[in-house]
Structure formats: structure tokens, C-alpha cells
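In: How does the following fold in three dimensions:
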Amino acid sequence: MTDPYAHSALREWRTHMSRAETLIVLSAVAAVLGLAGPFGTAERLNLVERLAYWGGMCGLGYAWGSLASALVQLRFAGRGQLARVLISTLCTTLGITALVLGLNALVFHWLPDRAALAQLVPVLFAICLIVTGSVTYLSQKHTLTPAVQPAAPQDTPISQLPQIPLLDRLPLDKRAPLVALCVEDHYVRVKTLKGEEMLLMRLSDAIREVGETSGAQVHRSYWAAFDQVNAARKEGDRAILTMTTGEEIPVSRANLPKVRDAGLLPR
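Out: The predicted structure is shown next:
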């Protein structure tokens with residue numbers, strides 16, 4: 001897998017799905033649904049069959065939804081929260097619809113006609129939207145204002161900027177306080193307060209040239225300047241940094257200590 005976004009999302013998804021808390025919650029939900037037998041499963045399946053049916057539905061559905069959400073959060077990190085919620089909801093709905101149709105065909109030998117499918121898909125979309133939106137809203141509760149020094153203003157003269165070798169690679173009109181670095185294929189997108197520039201180099205080499213800028217690599221594909229962070233919030237095992245430019249940068253679970261040490265998140 002060569003896509004850095006997919007690779008990172010898959011790694012974080014595997015970590016999340018293997019956590020004891022995740023498995024316990026999924027098992028508990030499947031057990032409750034298996035015992036209750038909603039949507040006619042109590043009449044058509046015995047207890048063992050219901051537990052297996054709802055276990056598969058909950059486990060596979062959550063696995064797909066969490067993976068789709070992780071990938072969307074990383075690939076569309078620069079988009080607004082509403083856009084990412086809608087994209088995540090759409091991707092999750094497509095997978096859940098296929099799962100419901102597949103399981104019902106396997107267990108009940110039943111597939112809906114066009115009219116029934118037209119009623120089913122909007123209901124599944126609404127459920128996925130409510131779940132995704134609720135998780136996003138709860139994660140916003142952890143949004144904090146970072147305890148960092150004020151960033152250098154956008155119109156700071158080049159001569160007054162700290163010595164930053166990386167800026168020497170940029171056109172004069174793009175040289176300004178660094179905001180972030182982002183990997184794109186074999187290039188690094190250098191983002192400053194005056195714009196962006198693509199450089200053919202490795203992220204590790206670019207990071208070595210940030211000079212005295214306070215920051216750190218917070219993700220496999222991202223480096224962020226801590227003095228350009230407006231807010232930080234937790235989202236599950238990860239975190240999201242909102243930069244002064246409005247862009248949102250993901251923080252992987254392994255890099256959370258760096259963000260905490262910088263005073264952007266509570267310990």
C-alpha cells in the first residue's frame with residue numbers, strides 16, 4: 001500500500017479495533033441486540049443465531065465505519081468539519097447498506113425491491129449521520145486554546161524572521177513564518193502565512209531545515225508549527241490541530257505526547 005493516507009489510517013484503525021474497550025463495547029451492544037431481537041429477528045432466529053447475526057452486523061458495520069472515518073479525516077484534513085462529517089457519513093452509508101443487504105440475503109434469503117431499498121437507504125444515511133455527527137460533537141468538547149506564544153504576524157519582514165534554511169528554497173513572495181509541512185507523493189508542500197510551495201524533497205530533510213521554528217512532526221505525513229496553532233482537540237485516539245490559516249492537521253496516537261508536551265492538550 002503506497003498511499004500514505006491509507007497506510008496511516010489502516011494502522012490507526014487496527015490499533016483502535018484491537019483495543020479492549022472497543023471489543024467490550026461492541027460485544028455488549030451485540031449482546032443487547034441479540035437478546036432483544038429487534039426488526040423481527042426474535043421471531044425468525046433463535047438466541048444463538050440472533051447473537052451471531054447482530055455480532056456480525058455490529059462488528060463489521062463498526063469496523064467499516066471507523067476505517068472510512070479515519071481515512072476521510074486524514075485525506076480531507078484541510079476541509080471543514082461539516083464537509084468531513086458528510087463525506088464520512090456517505091462512505092459509511094454505502095458500506096453499511098452493502099452489509100445489510102448481504103447479511104439479510106445470507107441469513108433470510110431476502111433482498112429488498114426498489115421501493116423498499118429507496119426507503120432503507122435514507123434511514124441508514126440518517127442513522128450514520130446522527131452517529132458520526134454525535135461523535136464529532138463530543139470530540140469538540142475536548143477543544144482547547146493552546147498555551148503557546150503569539151505567532152509572528154504575516155507581514156513580518158524577512159530580515160526579522162528567525163534563521164530558517166527551508167525558507168531560502170521558497171520564492172521571495174512566499175517567505176513568511178512557517179505554518180506546516182505536508183507530504184504529497186515525492187514532494188513536500190511548504191505552507192507559510194503567505195502561501196504554499198511544493199518542493200521536491202523528503203519530509204525528514206525539510207524538517208531538518210525548519211531552523212528555530214517551534215514545532216514537531218505530528219503525523220507520518222505532517223509537521224506543524226506549534227506557534228501557528230489556534231486550537232487543539234481530541235478525536236478518539238488521535239487529535240486535530242487547527243492552524244491560524246484555518247487548516248486542520250491530524251495528530252497520530254504515537255505523536256500525542258509531543259502535542260501534550262507543547263501544552264496544546266492536557267496530560
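
In: gap between the two ends of stretch 168-175?
Out: End-to-end span of stretch 168-175 (CA to CA, to the nearest Å): 8 Å.

In: Mind listing what's buried along it?
Out: Residues of stretch 168-175 classed as buried by neighbour count (16 or more other CB atoms under 10 Å): Arg169, Leu170, Lys174, Arg175. The C-beta positions use only the backbone N, C-alpha and C, and glycine is treated the same way.

In: same deal with stretch 13-31?
Out: The neighbour-count check on stretch 13-31 (16+ other CB under 10 Å) flags Trp13, His16, Thr22, Leu26, Val29, Ala30 as buried.

In: swap in stretch 224-240?
Out: Within stretch 224-240, the residues that qualify as buried are 224-229, 232-240, counting by 16+ other CB under 10 Å.

In: where are the low-confidence patches of the stretch 51-200 of the chain?
Out: Filtered on pLDDT under 70, the stretch 51-200 of the chain yields the residue ranges 74, 77-79, 135-162.

In: how does it look with 90?
Out: 62, 65-86, 88, 108-114, 116-117, 120, 124, 127-165, 167-175, 184-186 (pLDDT under 90).

In: hang on, the earlier thing: now tabulate the buried residues of stretch 168-175 in CSV and tack on secondary structure and distance to Gly40.
Out: Below are the buried residues of stretch 168-175 laid out as CSV (DSSP: H, G, I helix; E, B strand; the rest coil; distance: CB to CB, whole Å):
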residue, secondary structure, distance to Gly40
Arg169, helix, 65
Leu170, coil, 64
Lys174, helix, 62
Arg175, coil, 66
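
In: Out of the buried residues of stretch 13-31, which comes closest to Leu124?
Out: Of all the buried residues of stretch 13-31, Val29 has the smallest distance to Leu124: 16.8 Å, by CB to CB.

In: before we move on, the earlier item: lowest-confidence member of the buried residues of stretch 13-31, which is it?
Out: Scanning the buried residues of stretch 13-31 for pLDDT, the smallest score is found at His16, 75.

In: Check whether that residue really touches Asp237, as I assumed.
Out: Yes - His16 lies in contact with Asp237 (CB atoms under 8 Å); the separation is 5.7 Å.

In: In space, what's closest to the most far-flung residue of the chain relative to its centre - neighbours in sequence excluded?
Out: Most distant from the centre of the chain: Glu43, at 39.7 Å, with distances by CA atoms, centre = their mean. Leaving aside its chain neighbours, Glu43 sits nearest to Gly37 (7.5 Å; criterion: CB to CB, 6 or more residues apart in numbering).

In: who's in contact with that neighbour?
Out: By CB atoms under 8 Å, 6 or more residues apart in numbering, the contact list for Gly37 reads Glu43, Leu45, Arg50.

In: Dihedrals phi and psi, the second one?
Out: The phi and psi torsions at Leu45 (degrees, to the nearest 10) take the values phi -130, psi 150.

In: What is the burial count for the residue nearest to it when sequence neighbours are not counted?
Out: Spatially, and ignoring its direct neighbours in sequence, Leu45 is nearest to Tyr53 (6.1 Å; CB to CB, 6+ apart). Residues near Tyr53, counting by other CB atoms under 10 Å, number 22.

In: how far out from the middle of the chain is the helix or strand that contains Tyr53?
Out: Here Tyr53, judged by DSSP states H and E, is contained in helix 47-75. Relative to its parent chain, helix 47-75 has a centroid offset of 17 Å by CA atoms, centre = their mean, to the nearest Å.

In: Give the buried residues for the following helix or strand past it.
Out: Using DSSP H and E, the helix or strand that follows helix 47-75 in sequence is helix 81-107. In terms of neighbour count (16+ other CB under 10 Å), helix 81-107 has its buried residues at 81, 84-89, 91-97, 99-100, 103-104, 107.

In: same for helix 81-107, what does it pack against?
Out: With contacts taken as 3 or more CB pairs under 8 Å, 6 or more residues apart in numbering; DSSP states H and E, helix 81-107 sits against helix 47-75, helix 114-140.

In: And these: which comes nearest Val218?
Out: The nearest among the helices and strands packed on helix 81-107, by CB to CB, is helix 47-75 at 12.0 Å.

In: if we can go back for a sec, make JSON lines out of the helices and strands packed on helix 81-107 and add distance to Gln163.
Out: Below are the helices and strands packed on helix 81-107 laid out as JSON lines (distance: least, CB to CB, whole Å):
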{"stretch": "helix 47-75", "distance to Gln163": "32"}
{"stretch": "helix 114-140", "distance to Gln163": "38"}
